[in-house]
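A.B. asks: Mind folding the following:
(one chain, ligands or ions: 1)
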Amino acid sequence: MILVTGATGDVGGAVLAGLADKPVAVRAFVGDRADITIKAANIEVVRGDFSSDADMRRALEGVDAAFLATEICPAMVDMQSKFIALAKIGGVRRLVHLSGVGANLQICCARTLRWLGQLEATASSSGMTVTHLRSTFMMQNLLQFAAEIKREGLIAGPFRSGRWTFVDAQDVGAVGAVVLLNEQHDGQTFVVTGSESLSYKAVAERFSVALGKPVRYVDITANEARGKLQAAGHNPVMVEATLELWDACASNLVNVAPTNIVQELTGRPPRSLEDFIAAHRAQFA
Ligand SMILES: NC(=O)c1ccc[n+]([C@@H]2O[C@H](COP(=O)([O-])OP(=O)(O)OC[C@H]3O[C@@H](n4cnc5c(N)ncnc54)[C@H](OP(=O)(O)O)[C@@H]3O)[C@@H](O)[C@H]2O)c1
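C.D. replies: The predicted structure is shown next:
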């Protein structure tokens, strides 16, 4: 039995898609708020919350391999650490952990990367065989600019000339599914990226061509970006955590060159930014 957590999320949903109709039993761990979009005869749903040990124990019954993902939030270290401990106690042998590029227990300037580094260390010392998926920035992050792109042809952020190797969450999930299905990949750390590194100026140019209307990138200060994140209703801790992460990338502290992991593990190239824009056109145009 394979357990997929974060199964209603961008990556977890794609993991489920990769496991659907494969000759293996799959259990999706799903909260109360949403439902999975992938339905298949080999996928069962268990409702539960990471805040409940009883829910996690129930979800982990009879599980051999698990995919671990939550949204990024201040509670993620507690939630995922508890899951890792219960998974080990429950007899889980293999864990695929969704992490991120730059995960580092020691890093001082970006708390989200510390959280991921702490979780990598906790998972690695759990006694299970752990595979870390270090994703780069996901194209899905660009959806936060969709309203401004649609209304004003504008992407505004404190990104300077930093280059970002965006990856589609679907490709990260597809890699996760391949690892879960093939033990030969176990125990590795995979840096999962798209096929190119782009500045936000270049991203805006791609949007212009794809949407057939001008889209420009405008650099704003961190404080202006703070105001935008606050206005969008983000929790105050995550506003600061996001600004730190953006600054780390704009400062070239965590950027990586494209890797071949998506092609090597899934057998097809990563989705391009143009593919992503086309798939979400209604939100951008
Ligand atoms: N975005 C990026 O650029 C990026 C880059 C590198 C790494 N990452 C990592 O990717 C992860 C996020 O993955 P994602 O984009 O797939 O997330 P997502 O779309 O935000 O989905 C989060 C998932 O976690 C579940 N979840 C959250 N709290 C829960 C709880 N208390 N109990 C049960 N389920 C809960 C959600 O379920 P409900 O729908 O029921 O709430 C949802 O399925 C983060 O760990 C982040 O560090 C992201």
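
A.B. asks: if I pick the closest residue to residue 111 other than its chain neighbours, what's in contact with it?
C.D. replies: Ranked by CB to CB, 6 or more residues apart in numbering and with sequence neighbours excluded, the top spatial neighbour of residue 111 is residue 241, at 5.2 Å. (Glycine included, C-beta is placed from N, CA and C.) With contacts defined as CB atoms under 8 Å, 6 or more residues apart in numbering, residue 241 is in contact with 72, 74, 110-112.

A.B. asks: How about residue 280?
C.D. replies: Residue 280 touches 143, 146, counting by CB under 8 Å, 6+ apart.

A.B. asks: which of the contacts of residue 241 tops the neighbour count?
C.D. replies: In terms of neighbour count, residue 110 stands highest of those at 23 neighbours, by other CB atoms under 10 Å.

A.B. asks: What parts of the stretch 51-200 of the chain come near the ligand?
C.D. replies: Neighbours of the ligand within the stretch 51-200 of the chain, by CB under 6 Å from any ligand atom: 51, 69-72, 79, 98, 100, 116, 135, 137-138, 141, 169.

A.B. asks: Give me the secondary structure label for the spatially closest residue to residue 219 that is not a sequence neighbour.
C.D. replies: Nearest residue to residue 219, sequence neighbours excluded (CB to CB, 6+ apart): residue 160, at 6.2 Å. Going by DSSP: H, G, I helix; E, B strand; the rest coil, the secondary structure assigned to residue 160 is coil.

A.B. asks: start at 19 instead
C.D. replies: Okay, using 19 as the starting number, the last item reads as residue 178.

A.B. asks: Quick check: residue 178 touching residue 268?
C.D. replies: Yes: the pair formed by residue 178 and residue 268 meets the contact definition of CB atoms under 8 Å, at 4.4 Å.

A.B. asks: quick one, which of the two is more surrounded?
C.D. replies: The residue with the greater number of neighbours, taking residue 178 and residue 268 and applying other CB under 10 Å, is residue 268; the counts read 22 against 15.

A.B. asks: my guess is the more buried one meets residue 155, correct?
C.D. replies: No: at 11.6 Å, residue 268 and residue 155 do not qualify as touching, with contact defined as CB under 8 Å.

A.B. asks: Buried ones in stretch 268-279, by neighbour count?
C.D. replies: 268, 271-273, 276-277, 279 (16 or more other CB atoms under 10 Å).

A.B. asks: Also stretch 192-205?
C.D. replies: Judged by neighbour count using 16+ other CB under 10 Å, the buried positions of stretch 192-205 are 192-198, 203-204.

A.B. asks: separation between residue 189 and residue 114?
C.D. replies: Residue 189 is 15 Å from residue 114, where distance means CB to CB, to the nearest Å.

A.B. asks: Model confidence score at the residue in the stretch 169-303 of the chain that the ligand sits nearest to, please.
C.D. replies: Closest residue of the stretch 169-303 of the chain to the ligand, CB to the nearest ligand atom: residue 187 (5.5 Å). In the predicted model, residue 187 carries a pLDDT score of 98.

A.B. asks: Distance check, it against residue 31.
C.D. replies: Relative to residue 31, and taking CB to CB, residue 187 is found at 8 Å.

A.B. asks: what's the answer for residue 214, then?
C.D. replies: Shown here: residue 214 relative to residue 31, a distance of 24 Å by CB to CB.

A.B. asks: do the same with residue 48
C.D. replies: Taken as CB to CB, the spacing of residue 48 relative to residue 31 amounts to 10 Å.

A.B. asks: okay, and the common contacts of those two?
C.D. replies: With contacts taken as CB under 8 Å, 6+ apart, the residues that reach both residue 48 and residue 31 are 25, 54.

A.B. asks: nearest residue to residue 181 other than its sequence neighbours?
C.D. replies: Nearest residue to residue 181, sequence neighbours excluded (CB to CB, 6+ apart): residue 215, at 4.1 Å.

A.B. asks: wouldn't residue 219 be in contact with residue 226 here?
C.D. replies: No: in this structure, residue 219 sits apart from residue 226 without contact. The criterion is CB under 8 Å, and the distance is 10.8 Å.
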